[in-house]
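J.: have a look at this fold, sequence not included:
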Ligand SMILES: Nc1ncnc2c1ncn2[C@@H]1O[C@H](COP(=O)(O)OP(=O)(O)OP(=O)(O)O)[C@@H](O)[C@H]1O
Ligand SMILES: [Mg+2]
């Protein structure tokens, strides 16, 4: 009964089953997101909720990240040539990695949790059943607007994070490290690569998809009242964060090797 | 003339949740325009039966036919089309808490049938008036209503699109006796006026007597008695007798600790 191998095996099978269910859910979600009917008012409302209201959180974290990054590169690097190295690494690090990843992790905490809690509550109070009886497909009415909104707004948020993050680095360099502002900006501009920015935005769209999908998936399958919704919320944030970091690694390997 | 197929035909419906068998071969028919009331103890699977018919729960086996068409293995889009025939009042009302009361009532009209908002709003307000709620309440959000009021909004939503088949899951639970009777009258009127077919679940025998043409009693996963509403007092079935008299003593044993 307590054979450890059986335990591992069962856990692994459970994991496979869960992954299969999530993949099937993702397929249905994508299908319903891009076939009519569309609920445009709901799409707009979600764009506001997911995108616009995430701006302060994303802006603040990007700012501090850019600042800390500049400081660390300066401390850890060679003093000689620091005026060129610091802006270069800041712009590279922010646009390629930190901008998309940090912004997405913040949005995962904010949005995946909110989506899971909302849809989970609708599930346990039978509101999702009620949708079906009113001839409205829950995938189209609830999931598609969130998915589309997250995929569209995440790149915009990351673009904002890029700009503010680079600005954070600039501010630290100029005020704390006595860099020349004009030179810093010139160096930043010289090392700014379109490909780096675009790859970051592609990452952002994928992360947006992951965030909305995990929120919807865990909310949709929550059961058993307040506690079930709580579990769904936690799982949504945790799985979204892990998947974001894993997907980031895969995409970095694909884009930059 | 060939006999018309029943509006709803349920045959050998079975459903278990894990090891727990809830429905164990349920059979009943409802004719068009008829009002059937299902009675039975708490947790005997009455709500599950309705959800199986609506396609919200997939039964393990058995057949459900609506207007002669099998509906247990439908695709999502076919299901949506069939569900247009239905209105459902959920036991817990299940109102959309992100929408106003009138938007809840108008939901099926606007989303399901593409009606203009202004027109749907008028219809919603009329239906709300029928369940004793005024236009001011229509502008509130469901969370601001009492449980009984939410129930009545759920009822208004269920009948808003004038469905052919209406399911009421405990329509009078949580209402005061007078409002309960108003709702009973409304259900009778809805069924008579619209010619709708109704299946209601209730524990309230006064309500059952008033709204039912026929009554079916579910017990241990099966329909154990079925007959005209007027025959309920002479059923000759000990289980039914105990249930309608609400006695703790009889063939139905409650699993409770006795002091
Ligand atoms: N989704 C579900 N998952 C697991 N078990 C369920 C589910 N839905 C219902 N059940 C179980 O099925 C049984 C029947 O539930 P149902 O809601 O149909 O009872 P009911 O006859 O409507 O009772 P009541 O009169 O109290 O509303 C219950 O024991 C319940 O625990
Ligand atoms: Mg019930």
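T.: Thanks, I have the structure now. Quick caveat: nothing in here was measured; it's all calculated off a predicted structure. Ligands and ions are numbered 1, 2, ... in the order given.

J.: low-confidence stretches in the chain?
T.: Looking at chain A here, since you left the chain open. Within chain A, the stretches with pLDDT under 70 are A:1-2.

J.: you answered for a different chain; I wanted chain B.
T.: B:1-3, B:255-259.

J.: get me the contact residues on it for ligand 2.
T.: When proximity is defined as Cβ under 5 Å from the ion, chain B approaches ligand 2 at B:47, B:91. For glycine as for every other residue, the C-beta is placed from the backbone atoms N, C-alpha and C.

J.: buried sites along the longest helix anywhere in chain B?
T.: The longest helix of chain B (DSSP state H) is helix B:177-194. Residues of helix B:177-194 classed as buried: B:179-180, B:182-184, B:186-187, B:190-191 (neighbour count, 16 or more other Cβ atoms under 10 Å in any protein chain shown).

J.: ok, stretch A:78-90 next?
T.: Applying 16+ other Cβ under 10 Å to stretch A:78-90 flags A:82-83, A:85-90 as buried.

J.: which helices and strands sit right next to the host helix or strand of residue B:63?
T.: Applying DSSP states H and E as the criterion places residue B:63 in strand B:61-66. In terms of contacts (3 or more Cβ pairs under 8 Å, 6 or more residues apart in numbering or on different chains; DSSP states H and E), strand B:61-66 is packed against strand B:8-17, strand B:20-30, helix B:46-53.

J.: and the first one, how far from the chain's centre?
T.: Once both centres are worked out by Cα atoms, centre = their mean, to the nearest Å, strand B:8-17 turns out to sit 16 Å from its chain's centre.

J.: kindly report the same for the shortest one.
T.: Using Cα atoms, centre = their mean, we find the averaged C-alpha position of helix B:46-53 to lie 9 Å away from the chain's own average C-alpha position.

J.: ok, and does it reach over to ligand 1?
T.: Yes - with Cβ under 6 Å from any ligand atom as the measure, helix B:46-53 is seen reaching ligand 1 through B:46-48.

J.: of those, buried ones?
T.: In those, the ones that pass as buried (16+ other Cβ under 10 Å) are B:46-48.

J.: returning to what we had before: would you mind finding the most buried of the helices and strands packed on strand B:61-66?
T.: Greatest average neighbour count among the helices and strands packed on strand B:61-66 goes to helix B:46-53 (a mean of 24), per mean count of other Cβ atoms under 10 Å in any protein chain shown.

J.: list the helices and strands that helix packs on?
T.: Using 3+ Cβ pairs under 8 Å, 6+ apart, helix B:46-53 is in contact with strand B:8-17, strand B:20-30, strand B:35-40, strand B:61-66, strand B:165-169, strand B:197-201.

J.: could you check the angle that helix makes with strand B:61-66?
T.: 70 degrees (axes from the mean of the first three to the mean of the last three Cα atoms, to 10 degrees).

J.: quick one: contacts of helix B:46-53?
T.: Identification of contacts with helix B:46-53 by Cβ atoms under 8 Å, 6 or more residues apart in numbering or on different chains yields A:129, B:8, B:10, B:13, B:15, B:22-23, B:26, B:38, B:40, B:57-59, B:64, B:66, B:71, B:88, B:91, B:167, B:169, B:199, B:201, B:218.

J.: which of the residues you listed are close to ligand 1?
T.: B:22, B:40, B:91.

J.: tell me the secondary structure at the closest residue to residue B:248 other than its chain neighbours.
T.: Leaving out its chain neighbours, the residue that sits closest to residue B:248 by Cβ to Cβ, 6 or more residues apart in numbering or on different chains is residue B:254, at 6.9 Å. For residue B:254, the assignment made with DSSP: H, G, I helix; E, B strand; the rest coil gives coil.

J.: isn't residue B:254 right up against residue B:247?
T.: No - under the criterion of Cβ atoms under 8 Å, residue B:254 is not in contact with residue B:247, lying 11.0 Å apart.

J.: what do those two both touch?
T.: With Cβ under 8 Å, 6+ apart as the test, residue B:254 and residue B:247 reach no residue in common.

J.: so which residue of the stretch 101-250 of chain A comes closest to ligand 1?
T.: Nearest residue of the stretch 101-250 of chain A to ligand 1: residue A:223, at 7.1 Å (Cβ to the nearest ligand atom).

J.: next one: phi and psi at that residue?
T.: phi -150, psi 150 (degrees, to the nearest 10).

J.: how many neighbours does it have?
T.: 12 (other Cβ atoms under 10 Å in any protein chain shown).

J.: whatever helix or strand residue A:149 lives in and chain B, are they touching?
T.: Element membership of residue A:149, judged by DSSP H and E, is helix A:144-175. No - using Cβ under 8 Å from any Cβ of the partner chain, we find that helix A:144-175 stays clear of chain B, coming within 12.1 Å at best.
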